[in-house]
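J.: Predicted model and sequence follow; I will ask about them next.
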Amino acid sequence: MRHSDGNTMMTLRTPADLRTGRSCRVSALGKGRSFRARMVSLGIRPGAILTVVGGHGAGPRLLQVGPQRVMIGAEMVRHIFVTEEPYNE
């Protein structure tokens, strides 16, 4: 998915594309209204910072969202569009 912030064009990724330990900012939520409502209830909304805590391959991802950790299924995580944040060492 491509997204323009007005000045530059960037490619949106999903948390499934990121390695464990990487942080990202939610840019958009796909799918339908009920999916978006569920994600927002978990704190996953545009502008939120997520950190990939666990998961790999085609499986679910464990995400840190603020002080909480949530497990998001493999299919659902593909509908959370993010931009990667600078690496925290």
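T.: Nice, I can see it. Numbering: from 1, shown residues only.
J.: Okay, now the unreliable bits of this structure?
T.: Low-confidence segments of the chain (pLDDT under 70): 1-10, 87-89.
J.: what comes up buried for the longest helix seen in it?
T.: In the chain, ranked by residue count with DSSP state H as the criterion, the top helix is helix 33-41. Applying a neighbour-count criterion of 16 or more other C-beta atoms under 10 Å, the buried positions in helix 33-41 are 36, 39. C-beta: built from backbone N, CA, C; applies to glycine.
J.: With stretch 49-59 instead?
T.: Buried residues in stretch 49-59, counted by 16+ other C-beta under 10 Å: 50, 51, 52, 55.
J.: quick one, helices of the protein?
T.: 33-41, 74-77.
J.: quick one on the thing from earlier: return the distance of the longest helix of the chain from the chain's centre.
T.: Put simply, helix 33-41 sits 13 Å off its chain's centre (C-alpha atoms, centre = their mean, to the nearest Å).
J.: neighbours of residue 25, just the number please.
T.: For residue 25, the neighbour count with other C-beta atoms under 10 Å is 13.
J.: So in terms of bridging, what pairs with it?
T.: residue 49, residue 83 (DSSP bridges).
J.: contacting residues for it?
T.: 47, 48, 49, 50, 82, 83, 85 (C-beta atoms under 8 Å, 6 or more residues apart in numbering).
J.: Looking at those, state which has the most neighbours.
T.: Among the contacts of residue 25, residue 82 has the most neighbours (other C-beta under 10 Å), with 26 neighbours.
J.: Make sure that one is actually in contact with residue 49.
T.: No: look at residue 82 against residue 49 with C-beta atoms under 8 Å: they stay out of range, at 9.4 Å.
J.: what do those two both touch?
T.: Counting by C-beta under 8 Å, 6+ apart, the contacts common to residue 82 and residue 49 are 24, 25, 26.
J.: would you list those residues in a markdown table and tack on distance to residue 42?
T.: Listed next are the shared contacts of residue 82 and residue 49 as a markdown table, based on distance: C-beta to C-beta, whole Å:
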| residue | distance to residue 42 |
| --- | --- |
| 24 | 15 |
| 25 | 16 |
| 26 | 11 |
